[in-house]
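In: Return atomic coordinates for the entry below.
(3 chains)
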Amino acid sequence: MSSLRHFAVILRKDLAMEFRTRDILYPMALFSLLLVVVFSFAFLSDPTRVRDYGPGIIWVTVLFASTVGQNRLFDRERENGCLWAMLLTPASRSAIFAAKATGHFLFTVFMELLTVPLIILFFDLSVPRPGPFLGALLLGTLGLSLVGTLFSAMLMNARMKEVLLPLVTFPLLMPVVIAGVKVTSLAVGAPLAEDVSMWLRFLIGFDMIFAVATLLLFERMIRS
Amino acid sequence: MNKANIIGAGPILAILATAAVLYALYAVFFVAPIEATMGFVQKIFYFHVGSAINMMLAFALCGVAGLVFLVTERAGSRVSRVVDAIGVATAEVGVTLGAIVLVTGPLWARKAWGTWWTWEPRLTLSLMIFLLFLAYLALRAFAGSDRFGRGVAAGLAVIGLPALYFIHFAVQRWGGAHPQVVYKGGLNVPGMKLAFFASVLAMSLVSVALIVIRARQELNNRRLDDLFLSLDAGEGT
Amino acid sequence: MTTSNRIRHALRTVASALFAVAVLADPLVALAQETGTAETWKTARNTVQGDTLVVAAYMAMWFIIGVYVLSLASKQKVQDREIRELEKQLDDHSAK
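Out: Presented below is the predicted three-dimensional model:
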């Protein structure tokens, strides 16, 4: 019970600081907006084919923007050696990790609330199945947050962190991108002979396994 | 020291590996008959698959080494040093094998499937393993050579194992109703079987020899660093 | 003969062997094809222009392994130098 409270305290601290400084949200939101604009110039606008590349644009934007967030996620902790102070408190490591990952998840969802409607608007996508569309985004974002937070914490002090982080997380996150693009394509009505629920279950499985794996690894890896 | 003897087996393993490779080459080119539909180009297959199998094994070994490292690391024991060295060695040899797989694969596909590259599940999976290995080596090179940096790399190797399962599953279903390419169907000819197993074994021996030599080198490096450090400390007092 | 010299020598041998294989590759391929069973040989010869692909694949494979062995050797060279340095420092130390 107390570790739940630790979780809540750390998360509230992060959210409060974020909504005052907007250190993470501003770069993420601005970067994703610019990405959307770049994509709209990078692809020839062919209204008949938007279903083919629309889901890809959504997921590339989410992936890149979440990486921007990951890069900055532990900046505050690094500057004053705050993470070590946090580790000295009675809060369990799992609580710290869960709070940071939840924080990143919420920031990314916030960014998506801004960007995804814009993509739908700019590219004139229609979403006949909003349920799977939202489900894939939430489940996929959770996967991105888990893996991203783990390595963001580990690489906090590494030089070249900005380069190393995507190098490490992108291969690990490839299943999320594959499943996400599949579900999103189906949700916007792409004529694919595939099962939405299979891919959604796949995403749930990924999140579950990686929630356990990242929690265990965080405890092990942070020891030194 | 017992362990030192095992680790010192590098040169013997290298000789064994060379002999096995020569025999496998002989079996591939002179014993195995030419395959009827694909023809001579099918001979790429033997060493290609041999490299691929050993790449997977190297990756699994790297993950296991990472796990043992994370468990034993706190004690700073000799075990953690050995598995750390094995981690680097398997990753480097894995990248080498992966490069072989990714170069020979397209050469074979050019003739067999008429295209250099296709996003076929197995090919995609090999590429992803290769990328994970590269990320591991990048971590080893740039994330610091202290305990922390080693721990991050070990963590990647460990988490790579479940990730690989998901990647495998995803790329299998990704292409939709893509038929599996059946490799083993044509292997009922005795000569082909011999060539196949000989080349798999040869590549295994090559990998083991390289891993042992590299791991020993890494261990010696650590020992050297320690000696220099203790020498400096001794001169300081 | 020091270790690094020995390694350099061995590498030179390997390199010349590779060169020899490169030069001899075509006749070897022809020889290998002739040893295939007679009835498949004919059909194979008509359908296949894959010889260069096979040669390229095997060359590439040994090239990649060769590059890795070279990198191992160069790391070994650095290590040998460090060992000599350490020995020198130790000698200085005990002479003091």
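In: now for the helix or strand that contains A:Leu165, which elements pack on it?
Out: A:Leu165 belongs to helix A:161-187 when assigned by DSSP states H and E. Packing partners of helix A:161-187 (3 or more Cβ pairs under 8 Å, 6 or more residues apart in numbering or on different chains; DSSP states H and E): helix A:50-73, helix A:130-154, helix A:196-221, helix B:121-142, helix B:147-174. Every C-beta, even on glycine, is put in place using the N, C-alpha and C of the backbone.
In: Could you dump those into CSV and include mean neighbour count?
Out: What follows is the helices and strands packed on helix A:161-187, written out as CSV (neighbours: other Cβ atoms under 10 Å in any protein chain shown):
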stretch, mean neighbour count
helix A:50-73, 22
helix A:130-154, 23
helix A:196-221, 19
helix B:121-142, 21
helix B:147-174, 22
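In: looking at those, which is closest to B:Ser51?
Out: B:Ser51 sits nearest to helix B:121-142 of all the helices and strands packed on helix A:161-187, at 9.5 Å, using Cβ to Cβ.
In: is that closest one up against chain C anywhere?
Out: No: in terms of Cβ under 8 Å from any Cβ of the partner chain, no part of helix B:121-142 sits within range of chain C; the closest distance is 11.7 Å.
In: which other helices and strands contact that helix?
Out: With contacts taken as 3+ Cβ pairs under 8 Å, 6+ apart, helix B:121-142 sits against helix A:161-187, helix B:44-72, helix B:78-112, helix B:147-174.
In: so what's C:Pro27 scoring on pLDDT?
Out: At C:Pro27, the model reports a pLDDT of 54.
In: need the residues of chain B near chain A, please.
Out: Residues of chain B lying close to chain A by Cβ under 8 Å from any Cβ are B:70-71, B:73-74, B:128, B:131-132, B:134-135, B:138-139, B:142-144, B:146-149, B:151-152, B:154-156, B:158-160, B:162-163, B:166-167, B:169-171, B:173-174, B:176-177.
In: rerun at 6 Å
Out: B:70, B:74, B:128, B:131-132, B:135, B:138, B:142-143, B:147-148, B:151-152, B:155-156, B:159, B:162-163, B:166-167, B:170, B:174 (Cβ under 6 Å from any Cβ of the partner chain).
In: Quick check, A:Ala95 in contact with A:Ser3.
Out: Yes: counting by Cβ atoms under 6 Å, A:Ser3 is a contact partner of A:Ala95 at 4.5 Å.
In: ok, the residue positioned nearest the centre of chain B - contacts?
Out: The centre of chain B sits closest to B:Gly94, judged by Cα atoms, centre = their mean, with a distance of 2.7 Å. By Cβ atoms under 6 Å, 6 or more residues apart in numbering or on different chains, B:Gly94 lies in contact with B:Met55, B:Ala58, B:Phe59, B:Phe133.
In: what residues are up against the third one?
Out: Neighbouring residues of B:Phe59 by Cβ under 6 Å, 6+ apart: B:Gly94, B:Ile129.
In: More neighbours: which of A:Ala95 and A:Ser3?
Out: A:Ala95 (22 against 15; other Cβ atoms under 10 Å in any protein chain shown).
In: and the more buried one, what does it touch?
Out: Counting by Cβ under 6 Å, 6+ apart, A:Ala95 has contacts A:Ser3, A:His6, A:Phe7.
In: same deal with A:Leu203?
Out: A:Leu139, A:Ala179.
In: Let's see that with 10 Å instead.
Out: A:135-136, A:138-140, A:142-143, A:175-176, A:179-180, A:182-183, B:166 (Cβ atoms under 10 Å, 6 or more residues apart in numbering or on different chains).
In: returning to that earlier point: output the helices and strands packed on helix B:121-142 in CSV; the columns should cover distance to C:Asp80 and mean pLDDT.
Out: As requested, these are arranged in CSV below (distance: least, Cβ to Cβ, whole Å; pLDDT from 0 to 100):
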stretch, distance to C:Asp80, mean pLDDT
helix A:161-187, 31, 91
helix B:44-72, 26, 90
helix B:78-112, 18, 89
helix B:147-174, 24, 85
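In: about what we covered before: considering the contacts of B:Gly94, which is situated nearest to chain A?
Out: Chain A has its nearest neighbour among the contacts of B:Gly94 in B:Phe133, at 9.4 Å by Cβ to the nearest Cβ.
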